[in-house]
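> Next come a sequence and a model predicted from it.
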Amino acid sequence: MTITEDRLRAALAARAELVRPEDLAPLATVVPLRPRWQSPWVLLATAAVVLLILGVVLQGVGGRERSDRLAPEPDPDAPTIELPADVGRDWKTNDLSTPARLDLDGDGAKEKVVFLGEPTDTFDGRTRMQTTLSSTGEEAYGIAELGTTIGTVALPPIDADGDGDQELVLYRDELFSGPVQGNHPIVFDLRDGLLVQAPVESADLLLRGEVPVPGTAAEFYDMVRPHDYWIEEGKLFSARSVNEFASDTMTTMRPETYVMDAWEWVLGEDGVLRPVEAGCRAQGLESFVVCAPGQVDDLPVVTPVANETIGVGEQAEYADGYGFSARLEAVADPSLVVEGDDGRTVNHGLEVGDPQVNVQAPTDLFFDGASLVLTSGSDPSYIQVLVQDGNRMRALEPVGEITLVDEGPTRTWLTRNGALVTVVLQEDASWQAWKWVMVSRTEMAAFPTGTVCFYDVEVQSTVGSC
């Protein structure tokens, strides 16, 4: 041992002599150590961190949204308001234009709105509307494009937003400004001293005229839907036919009364004019009323039938329209002799056996001279239409999708009002009705007029709805 070790041993022995028995106590019970993550303080700190992380995550997912989510991309086709330019103060009024009088600002007094036309060689410029507001004495103006500056006249005013003041209603006439024959109204609302044109949602429902239905054009006609609009008790309405009708711009095969879907036009707070369904209207020849419950279009006219004919050696007089007489002669071959009230006589040779001529002229088909329907007693399916062409009679050639016969599933006859009609049997036992129309000086074609049913097609008076 070294001297250092001897000293250390002696010190330890001396310290041990100082320990007494009462200083020796049992050891404390052993307690397992708890992991640090189970400590309450650690748990609270951990929860705070988790909540902080969740807050950050939720802030990005459902909290304050990005600007493109708060304000989605605008619809490029949505109607928008355009403020009028202050132009045309030096334009002049047209002598045929009439100032409008209406309460634009809702103070109970009517303003006088004058119309100034932009000078152009073809009178198709813009129109400036201007007035002085009775409530403030300030000027209000607007700009309209009406297709023409001649004879500007306002329609009755409306209150399309129900706020007590009135909106100015003009109309754009497509006879001057486009291929569609008709017009549509334009509504102007007073906003911050300006007469602002109200943009229209579903503008194809607010017009007057016949509009072709896309994809329905045939060789000689289009299928169209009549549209109309009107003002009633300070409200603007429009309507469109439920069904579509054949038309060649000169003739439209509308029934006497047909039903139309109707809308009322309401001006929103955003200044946009929108349609609200307004039930059904029935359009007649001289009436336009609310539909009766369950009302549908009238049936096409296919009766009463003109059955009376003359044969060889007989004569008939025709007084409707162009007056003339007709007789069948048979010196050698049969011939038709037509004598007009104007002194003209036409002799027309026939190439059909046992000819018969209806005593009713097809005046609905042709009325600018003599016209006759020729049939045959020996061939019931034979039908021919003869029309006067100067000093001769000409047979019209049937063209189009329907054959001119009277047999089997295709039946043809002349009605007492001078219409030549054909009905064609359909798979569901209904009959599609057609009416013959002259489409050129030498041709005629059948236009569809509707669907009918017969109890017995041989007895045409049994016609009815399906």
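Done, it's in.
> use CA for all of it now, contacts and neighbours both
Noted.
> Could you say which helix or strand holds the residue nearest to Gln432 when sequence neighbours are not counted?
Nearest residue to Gln432 in three dimensions, chain neighbours excluded: Thr451, at 4.7 Å (C-alpha to C-alpha, 6 or more residues apart in numbering). Here Thr451 sits within strand 443-454, counting by DSSP states H and E.
> which residues touch that strand?
Residues from elsewhere that reach strand 443-454, judged by C-alpha atoms under 8 Å, 6 or more residues apart in numbering: 220-221, 245-247, 253-255, 299-300, 396-402, 422, 429-439, 460, 462-466.
> In contact with the nearest residue to Glu138 once chain neighbours are set aside: list those residues for me.
For Glu138, ignoring the flanking residues on the chain, the nearest one in space by C-alpha to C-alpha, 6+ apart is Thr132 at 5.6 Å. Each residue near Thr132 by C-alpha under 8 Å, 6+ apart is listed here: Glu111, Lys112, Glu138, Glu139, Ala140.
> try it again with 10 Å
Thr132 makes contacts with Leu104, Glu111, Lys112, Val113, Glu138, Glu139, Ala140, Tyr141, Gly193, as judged by C-alpha atoms under 10 Å, 6 or more residues apart in numbering.
> ok, which pair from those residues is furthest apart?
Largest separation among the contacts of Thr132 by C-alpha to C-alpha: Lys112 and Gly193, giving 14.6 Å.
> I figured Phe245 was touching Pro300, is that so?
No: the pair Phe245 / Pro300 is not scored as a contact, 11.1 Å apart, by C-alpha atoms under 10 Å.
> Now do the shared contacts for those two.
Contacts common to Phe245 and Pro300, judged by C-alpha under 10 Å, 6+ apart, are Met253, Arg254, Pro255, Pro448, Thr449, Gly450.
> Determine which two of those residues are furthest apart.
For the shared contacts of Phe245 and Pro300, the maximum inter-member distance is 11.3 Å, found between Pro255 and Pro448 (C-alpha to C-alpha).
> Between these two, tell me which one has more neighbours.
Higher neighbour count among Pro255 and Pro448: Pro448, with 21 against 18, using other C-alpha atoms under 10 Å.
> The more buried one and Thr149, how far apart?
Distance of Pro448 to Thr149, computed by C-alpha to C-alpha, to the nearest Å: 40 Å.
> who touches Thr98 in this structure?
Val113, Val114, Phe115, Gly151, Thr152, Val153, Ala154.
> same check, this time on Arg411
Arg411 sits in contact with 381, 403-405, 421-425, 431, 433, 457-458, where contact means C-alpha under 10 Å, 6+ apart.
> mind listing the helices for the chain?
Assigned by DSSP state H, the chain shows helices spanning 3-16, 40-61, 67-70, 174-177.
> Would you single out the least confident of those?
With a mean of 38, helix 67-70 has the lowest mean pLDDT of these.
> Okay, now the unreliable bits of this protein?
The chain contains residues with pLDDT under 70 at 1-77, 174-182.
> so how far is the strand holding Thr451 from its chain's centroid?
Taking C-alpha atoms, centre = their mean, to the nearest Å, the mean C-alpha location of strand 443-454 is offset from the chain mean by 24 Å.
> List the buried residues of it.
Judged by neighbour count using 16 or more other C-alpha atoms under 10 Å, the buried positions of strand 443-454 are Met444, Ala445, Ala446, Phe447, Pro448, Thr449, Gly450, Thr451, Val452, Cys453, Phe454.
> Measure how buried Thr131 is and give me the count.
21.
> For it, list each beta-bridge partner.
Assessed by DSSP bridges, Thr131 has beta-bridge partners Ala140.
> returning to that earlier point: quick one: which of the contacts of Thr98 is nearest Ala361?
Among the contacts of Thr98, and counting by C-alpha to C-alpha, the member closest to Ala361 is Gly151, at 44.0 Å.
> just to revisit the earlier point, strands paired with the strand holding Thr451, and their directions?
When DSSP bridges is applied, strand 443-454 pairs with strand 397-399 (parallel), strand 431-438 (antiparallel), strand 463-464 (antiparallel).
> I'd like to know how far Ile231 sits from Glu145.
For Ile231, the distance to Glu145 - C-alpha to C-alpha - is 21 Å.
> Of the strands paired with strand 443-454, which stretch is the most buried?
With neighbours defined by mean count of other C-alpha atoms under 10 Å, none of the strands paired with strand 443-454 is more surrounded on average than strand 431-438, at a mean of 22.
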